[in-house]
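K.L.:
Just to be clear, the model below is a prediction. Sequence and coordinates:
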Amino acid sequence: MALIRIQDLTVTVPMSDREKVLVDKVNLTIEEERVTALVGGSGSGKTTTALSILRLLHPALMIKNGIIFYKDNDLVRLPEHSLQKIRGKDIGFVFQDPLNAFNPVFSVGYQIEEVLRFHTNLNKTQREHRVLELLDLVGMPDPKQNARNFPHQLSGGMRQRAMIAQAIACDPKLIIADEPTSSLDVTLQARIIELFQRLKKQIRVSILLITHDLGVVAHLADDVAVMTGGRLVESGSVSDVLERPKHDYTKELMQALEF
């Protein structure tokens, strides 16, 4: 069953003499309890498409056209106060750079607890206990100590785990993960992939995975959609697209990455 349906999404940015189209009439469906990978090179529009779901785009960018359905609501036209109830609760976001995504002046535990404070009725003791549960769930060593640490005091892999803990704090239906392994070494990449695989089974969450790494797609995703130049050019199951690519760009992408 479809969890998110994106129809004819078009995102533009004004230029001095014209309007530049960054995402051009994209149609994408994210199914319940499946991992959908959105693949493409730098500037292909994949991150812009993902950010559009929660309207987290830079103010200079504009969703010019399209519909994004979630629970019969069009997220494009939903009032901001209603969308705030969905951000972080129903849909969590794992940003590409956790160091910049976290506030540097607050501890990691405080920032995870903040999501619970906004979206749940848990008291302070219950929230603090839940933070430790979440950090343990994502494999954070010494959750008590690291909950007290500030983002800069954690390693890259630990910050990524903390951001995933924040994203799943309220048992969301969807996690959007933007290049979650791009800044990590091979060993840490494997651990984060394993973590997402485990979370998919344990909390029965859908995942929209933004990546350029077809190896990650092959290990983690169920479905894949390929973007280039702001357009979605091919989509289907991972086995179909990777084993029998139809579009020339998909074939070139696989050759370029020696997949």
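P.N.:
Right, received. Where do you want to start?

K.L.:
Please count neighbours and contacts with C-alpha atoms only from this point.
P.N.:
Fine.

K.L.:
ranges for the helices of the stretch 1-150 of the chain?
P.N.:
46-53, 80-84, 98-101, 108-119, 124-137, 143-148 (DSSP state H, counting those that start in this stretch).

K.L.:
Can you check which helix is longest in the chain?
P.N.:
The longest helix of the chain (DSSP state H) is helix 186-202.

K.L.:
Could you check how many residues crowd around the spatially closest residue to V11 that is not a sequence neighbour?
P.N.:
Excluding its sequence neighbours, the residue lying closest to V11 (Cα to Cα, 6 or more residues apart in numbering) is I63, at 4.4 Å. By the criterion of other Cα atoms under 10 Å, I63 has 19 neighbours.

K.L.:
check contacts around I63.
P.N.:
L9, T10, V11, T12, S52, V76 (Cα atoms under 8 Å, 6 or more residues apart in numbering).

K.L.:
Which of the residues you listed fall in strands?
P.N.:
L9, T10, V11, T12 (DSSP state E).

K.L.:
mind checking which helix or strand A225 is in?
P.N.:
strand 223-228 (DSSP states H and E).

K.L.:
what's the most buried one of the helices of the stretch 1-150 of the chain?
P.N.:
Of all those, helix 46-53 has the most neighbours on average by mean count of other Cα atoms under 10 Å, namely a mean of 23.

K.L.:
What lies in contact with that helix?
P.N.:
By Cα under 8 Å, 6+ apart, helix 46-53 touches 9, 11, 22-23, 38-40, 57, 63, 68, 75-76, 176, 178, 208, 210, 227, 230.

K.L.:
Over to stretch 210-229?
P.N.:
Under Cα under 8 Å, 6+ apart, the answer for stretch 210-229 is 22-23, 28, 34-41, 43-47, 50, 176-180, 193, 196-197, 209, 232-238, 241-242, 249-250, 254, 257, 259.
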